[in-house]
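[1] could you look at this predicted model? Sequence included:
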Amino acid sequence: MTKKTVTLEFTNVKRLKCTAKVDMPAYGIIAGQRFHLVHLHGNEYAVKAITVTNRNNYKNGDVRFEIVNNDGTPYVTTLRRNAPHSCSCPSSKKCYHILILADTENARLARIRAEKMARQAIVVAPIIDNPSMSANTSTLTGSNEFHLLKPTLPQRPTVHA
Ligand SMILES: [Zn+2]
């Protein structure tokens with residue numbers, strides 16, 4: 001039987017967004033999975049976790065998820081690039097399915113971007129094989145310098161109150 005509530009002390013927030021650092025088998029949650037804790041009453045919080053059973057990526061960037069709640073109810077949630085997200089659950093507001101999936105998806109995209117940048121950094125690492133080129137780094141400080149870790153931010157004009 002999967003546990004669906006947790007007792008939290010020293011907080012009275014309505015909702016806590018969480019990421020599991022380790023597997024939480026009692027709750028059916030695995031390491032890295034996102035879930036929400038939603039206040040019920042007193043110190044009781046409901047654990048809102050979902051499992052993605054199927055996903056479809058569309059050419060326009062939309063992603064359709066078939067999901068199952070941790071109470072076993074299946075829903076279909078669609079994240080859209082250029083339109084409001086949608087979900088088949090009864091909630092009329094932006095439901096936690098959308099919140100959790102958008103969080104998970106953004107984290108996934110950020111990880112892919114970081115991995116891509118790391119690969120590019122390896123590819124562009126200079127190989128000094130020209131004997132006329134001195135071993136010092138002066139050739140790397142010109143306009144071909146790569147700003148992989150420190151992007152140049154546009155200067156903002158000083159604003160006086
Ligand atoms: Zn929903």
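    The structure has been received and is ready for your questions.
[2] tell me which residues form a beta bridge with residue 24?
    Beta bridges link residue 24 to residue 29, judged by DSSP bridges.
[3] contact partners of the host helix or strand of residue 40?
    Secondary structure assigned from DSSP states H and E places residue 40 in strand 34-41. Residues from elsewhere that reach strand 34-41 (CB atoms under 8 Å, 6 or more residues apart in numbering): 5-6, 8, 12-20, 27, 29, 45-50, 96, 99-100, 103-104, 107. For glycine as for every other residue, the C-beta is placed from the backbone atoms N, C-alpha and C.
[4] now list the buried members of those residues.
    Buried subset of the contacts of strand 34-41 (neighbour count, 16 or more other CB atoms under 10 Å): 6, 18, 27, 29, 45-50, 96, 99-100, 104.
[5] on that earlier part again, cross the contacts of strand 34-41 against strands and list the overlap.
    5-6, 15-19, 45-48, 50 (DSSP state E).
[6] okay, those residues in CSV with pLDDT and distance to the ion next?
    Compiled in CSV, the ones in strands among the contacts of strand 34-41 are given as follows (pLDDT from 0 to 100; distance: CB to the ion, whole Å):
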residue, pLDDT, distance to the ion
5, 94, 19
6, 94, 21
15, 90, 14
16, 92, 18
17, 90, 15
18, 91, 18
19, 91, 19
45, 95, 19
46, 94, 14
47, 94, 16
48, 92, 10
50, 91, 9
